[in-house]
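Undergrad: Quick one: sequence plus predicted model below, questions after.
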Amino acid sequence: MPLPPLGIFDKAVAAATNSYQSIATVTVGSGGATDITFSSIPSTYTHLQLRITARTTIAGSATDGIYVQFNGSTSSVYAFHRMVGNGATPSVGQGTSLTETYIDRITGGLSPSNNFGVAITDILDYTNTNKFKTIKSFGGFDSNGSGNVTMSSGLWQSTNAITSIKLFLFSNGFAQYSSIALYGIKSA
Amino acid sequence: MPATYDSLATTTLSSNQASVTFSSISSNYTDLVLIMSVKSSNAVRGYNIQYNGDTAGNYSETQVYADGIGTTYSFRTSNDTKINVSQMAASSTNEYVIGVVNIMNYSNTTTNKTLLTRWGQTSTDGGIVFKVGNWRSNNAITSIYLYPNGDNFASGSTFSLYGIKAA
């Protein structure tokens, strides 16, 4: 069994084999999806990772943003910081006391039909009841003449263990063939 | 639960080399991850990726660069013959630049192929880069070709390919 890459192992501790596991995958069908929710997330991992390939149904735009809420919480307890490049000008942004946190921008109806945005989002220490929950995300899209690439961090100001994750778009929903996979990472 | 993150192949160069190829890539995974530790045989150089032998202008990218001392910029390429995925440190240093490339949904035949890459270098011409790249093809990726913009990959450079399998 291969060891996870980029890991740092203490010689006194046995490595955790098979420590990166697929929990669930959602692939959007022909009708699209308003949002995607992972529920009843097991507490047996240390970290979670979302791997996203997605497109929005929004017709009048080339792009839209993905947002996240945890455990059904819609209170104003989320925040984010991000750095974005659009191929011309880098920019930064932030938000506090929000009702959701931000992941990435993906392609919309004005982008070529087979062009999807992607993101990899890590949710760290998601079961730890002594910590607020932090996410970091890296994602973007490129449509051969336009695009966005984003590095962001997000915060949910709750010490509750995460048991559900809801992903939704600023406008409209996820288009067919969008796919979001949830993985769990175990510690030794 | 079955293994989800598999090592597919690793190459450690025993001599300077002009390119590295991963071929006959299994279609059994969802995403691919390239982890590379690379130095140049001479000067600082970027290096690139092509898929399935496609050398036509079917690639594009959008990136952010920051040098840590005040310069930050974003630029893009269009209709390019490759995607620049990382950079090599000069042969005069002991630094091997780490590049991590995630190739998402590489075997999906209904979507173009998008990658995310990031790297950082602290020696000459140092900085950090994060980038998204696109290959305008719905073909599943079966081979990966990596080559530098001049000079060679130095001996000791490593290239590791992993497969991630979704449920």
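TA: Perfect, thanks for sending it.
Undergrad: by contact count, what packs against the lowest-mean-pLDDT helix or strand in chain A?
TA: Least confident helix or strand of chain A, by mean pLDDT, DSSP states H and E, is strand A:101-107 with a mean of 87. Contacting strand A:101-107 under the criterion 3 or more Cβ pairs under 8 Å, 6 or more residues apart in numbering or on different chains; DSSP states H and E are the following elements: strand A:47-54, strand A:63-70, strand A:78-85, strand A:117-124, strand A:133-142, strand A:147-156. Glycine gets a C-beta too; all of them are placed from N, C-alpha and C.
Undergrad: Tabulate those in a markdown table, adding columns for distance to A:S178.
TA: As requested, these are exported to a markdown table (distance: least, Cβ to Cβ, whole Å):
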| stretch | distance to A:S178 |
| --- | --- |
| strand A:47-54 | 4 |
| strand A:63-70 | 10 |
| strand A:78-85 | 21 |
| strand A:117-124 | 9 |
| strand A:133-142 | 12 |
| strand A:147-156 | 17 |
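Undergrad: Where among those is average confidence lowest?
TA: With a mean of 92, strand A:63-70 has the lowest mean pLDDT of the helices and strands packed on strand A:101-107.
Undergrad: tell me what it is packed against?
TA: Helices and strands touching strand A:63-70, as assessed by 3+ Cβ pairs under 8 Å, 6+ apart, comprise strand A:101-107, strand A:117-124, strand A:133-142, strand A:147-156, strand A:165-169.
Undergrad: got a markdown table for the ones you listed, with mean neighbour count too?
TA: Compiled in a markdown table, the helices and strands packed on strand A:63-70 are given as follows (neighbours: other Cβ atoms under 10 Å in any protein chain shown):
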| stretch | mean neighbour count |
| --- | --- |
| strand A:101-107 | 27 |
| strand A:117-124 | 24 |
| strand A:133-142 | 25 |
| strand A:147-156 | 24 |
| strand A:165-169 | 22 |
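Undergrad: and A:R55, bridged to which residues?
TA: A:T107 (DSSP bridges).
Undergrad: what about it, distance to A:L169?
TA: The span separating A:R55 from A:L169 equals 10 Å under the rule Cβ to Cβ, to the nearest Å.
Undergrad: overlap in contacts of the two?
TA: For the pair A:R55 and A:L169, residues contacting each of them under the criterion Cβ atoms under 8 Å, 6 or more residues apart in numbering or on different chains are A:I106.
Undergrad: Of the helices and strands packed on strand A:101-107, give the one that comes closest to B:Y29.
TA: In terms of Cβ to Cβ, the element of the helices and strands packed on strand A:101-107 nearest to B:Y29 is strand A:47-54, at 11.5 Å.
Undergrad: just the CA coordinates of the closest one, formatted as PDB?
TA: Extracted in PDB, the C-alpha atoms of strand A:47-54 (Å, rounded to 0.1, in the frame of the first residue of the first chain):
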ATOM      1  CA  HIS A  47      -9.600  16.000   7.500                       C
ATOM      2  CA  LEU A  48     -11.900  16.100   4.500                       C
ATOM      3  CA  GLN A  49     -11.200  17.000   1.000                       C
ATOM      4  CA  LEU A  50     -13.600  18.000  -1.800                       C
ATOM      5  CA  ARG A  51     -12.500  17.600  -5.400                       C
ATOM      6  CA  ILE A  52     -14.800  19.500  -7.700                       C
ATOM      7  CA  THR A  53     -15.300  19.600 -11.400                       C
ATOM      8  CA  ALA A  54     -18.300  21.800 -12.100                       C
END
